[in-house]
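Enquirer: Just need the structure, nothing else, for what follows:
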Amino acid sequence: MELYPLSDSLPLEPTVVTVGTFDGVHLGHQKIITRLLEIAKREGKKTCILTFFPHPRMVLKPDSNIQLLQTIEERKNELKQLGIDHVVILKFNEQFSELTAEEYIKQFLLDQLKMSYMIIGYDHKFGKNRGAGIEELKYWGKKLNFDVEEISAKDIDEVSVSSTKIRNHLLNGEVEKASAFLGHPYYINGIVVKGEGIGKDLGFPTANIEVTESYKLIPSMGVYAVRVVISETLYPGMLNIGFNPTFKDRSKSIEVNIFNFNRDIYGEPIKVLFVKWMRDELKFATVEDLTNQLKKDKESALKLL
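Expert: Alright, predicted model coming up:
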């Protein structure tokens, strides 16, 4: 079983298990996790989530260019914050995708994860060509002595949320809708890098953010009201994603103006929580026009925040 270094050690005692990509750990995922915690408490067992990285579509459909709501470390941290005892991150590859349902259940779920109880969505598919589903799980449960609980279509559809829906909202700048489905503001983590200093010259100094994981989804271009976390302190701010078209030959950037903040933070980690999209990125005739618009943007952001 090939695990990522940031995975927990494998469990040594019987577990209640659920399996999935859990990208975003959204409200639909949280419903399954709540049930997982309830059953584990009732049974006196540890909870275990098996998730995968890379995302299966990255391996099986490399041309899909899928972008994810979370980096794998962000996903692990959120699952742990929800109270999961063991978060096991399996390195997904073509060899794993070729396992039969029986091999997957015996070699991974039972031998490695010590599964005695599984909670899974009604539409979960697994095994070679995703050929097995809930009925096969129930069959093997009776044969190999583990319990299976199905999360019904009604329970899942009641939440009416999916990672795909959230991605589409973010790509349209609809960060409020995405955050409602996630149960918290959508966020990015990055490192502050040196920019060209244009914002400082305009009276609106910005922190230029580098997001190192290329698969992390960045919302659509435009200006946003945001909250910024630096050294565990929360600040209001406004953020621009785009090319700064008022100035020529600029590459795409993510720049945040942090209100009432003047500390040098080059090289430091930064987290940005998206609150609301405010406007498209615009090309201004003069620098003065741009500066006047930035003043209006700050007023709008402060009202929103």
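
Enquirer: Provide the secondary structure category for the nearest residue in space to residue 102 that is not next to it in sequence.
Expert: The shortest distance from residue 102 to any non-neighbouring residue, by Cβ to Cβ, 6 or more residues apart in numbering, is to residue 140 (6.9 Å). Glycine gets a C-beta too; all of them are placed from N, C-alpha and C. When classified by DSSP: H, G, I helix; E, B strand; the rest coil, residue 140 comes out as helix.

Enquirer: Which stretches in the stretch 201-305 of the chain count as helices?
Expert: Using DSSP state H, counting those that start in this stretch, the helices of the stretch 201-305 of the chain run over 287-304.

Enquirer: Grab the nearest non-local neighbour of residue 189.
Expert: Using Cβ to Cβ, 6+ apart, the closest residue to residue 189 is residue 271 (5.1 Å).

Enquirer: Name the next helix or strand following the lowest-mean-pLDDT helix or strand in the chain along the chain.
Expert: Least confident helix or strand, the chain: helix 153-159 with a mean of 66, by mean pLDDT, DSSP states H and E. Using DSSP states H and E, the helix or strand that follows helix 153-159 in sequence is helix 163-171.

Enquirer: mind giving me the domain split of the protein?
Expert: Listed domain ranges for the chain are 15-161, 175-304 (source: automatic domain parsing).

Enquirer: on that earlier part again, ok, the residue nearest to residue 189 - contacts?
Expert: Residues counted as contacts of residue 271 (Cβ atoms under 8 Å, 6 or more residues apart in numbering) are 187-189, 228-230.

Enquirer: which of the residues you listed count as buried?
Expert: 187-189, 228, 230 (16 or more other Cβ atoms under 10 Å).

Enquirer: so which of those residues comes closest to residue 12?
Expert: Closest approach between those and residue 12, by Cβ to Cβ: residue 189, at 31.9 Å.

Enquirer: And the residue lying closest to residue 97 once chain neighbours are set aside, how far from residue 7?
Expert: Spatial nearest neighbour of residue 97, excluding adjacent residues (Cβ to Cβ, 6+ apart): residue 60 at 6.3 Å. Distance of residue 60 to residue 7, given as Cβ to Cβ, to the nearest Å: 21 Å.

Enquirer: So those two - more neighbours on which side?
Expert: When residue 60 and residue 7 are compared for neighbours, residue 7 comes out ahead with 20 against 14, by other Cβ atoms under 10 Å.

Enquirer: The more buried one: which element?
Expert: Judged by DSSP H and E, residue 7 forms part of no helix or strand.

Enquirer: Who are the contact partners of it?
Expert: 76, 87-89 are the contacts of residue 7 under Cβ under 8 Å, 6+ apart.

Enquirer: Please apply the same query to residue 185.
Expert: Contacts for residue 185 (Cβ under 8 Å, 6+ apart) come out as 175, 179, 227, 273-275.

Enquirer: How much space separates residue 16 from residue 89?
Expert: Taking Cβ to Cβ, one finds residue 16 at 18 Å from residue 89.

Enquirer: so where's the stretch 101-250 of the chain shaky on pLDDT?
Expert: Within the stretch 101-250 of the chain, the ranges that satisfy pLDDT under 70 run 153-159, 249.

Enquirer: contacting residues around residue 261?
Expert: 230, 235, 237.

Enquirer: let's go with 10 Å and repeat that
Expert: Contacts for residue 261 (Cβ atoms under 10 Å, 6 or more residues apart in numbering) come out as 205, 207, 228, 230, 233, 235-237.

Enquirer: Most neighbours out of those residues, which is it?
Expert: With neighbours taken as other Cβ under 10 Å, the top of the contacts of residue 261 is residue 207, carrying 26 neighbours.

Enquirer: Once you drop chain neighbours, what's closest to that one?
Expert: Nearest one to residue 207, counting by Cβ to Cβ, 6+ apart, is residue 192 at 4.7 Å.

Enquirer: now that neighbour: how far from residue 141?
Expert: Distance of residue 192 to residue 141, given as Cβ to Cβ: 50 Å.

Enquirer: same check, this time on residue 56
Expert: According to Cβ to Cβ, residue 56 stands 24 Å off from residue 141.

Enquirer: Repeat that for residue 213.
Expert: Computed as Cβ to Cβ, the residue 213 to residue 141 distance reads 37 Å.

Enquirer: and the residue nearest to residue 20 when sequence neighbours are not counted, which of the three is it?
Expert: The shortest distance from residue 20 to any non-neighbouring residue, by Cβ to Cβ, 6+ apart, is to residue 51 (6.4 Å). At residue 51 the chain is in strand, as set by three-state DSSP.

Enquirer: The chain: strands as residue ranges?
Expert: Secondary structure of the chain by DSSP state E: the strands cover 15-19, 46-53, 86-91, 115-121, 147-151, 187-193, 207-210, 222-230, 233-242, 253-258, 269-279.
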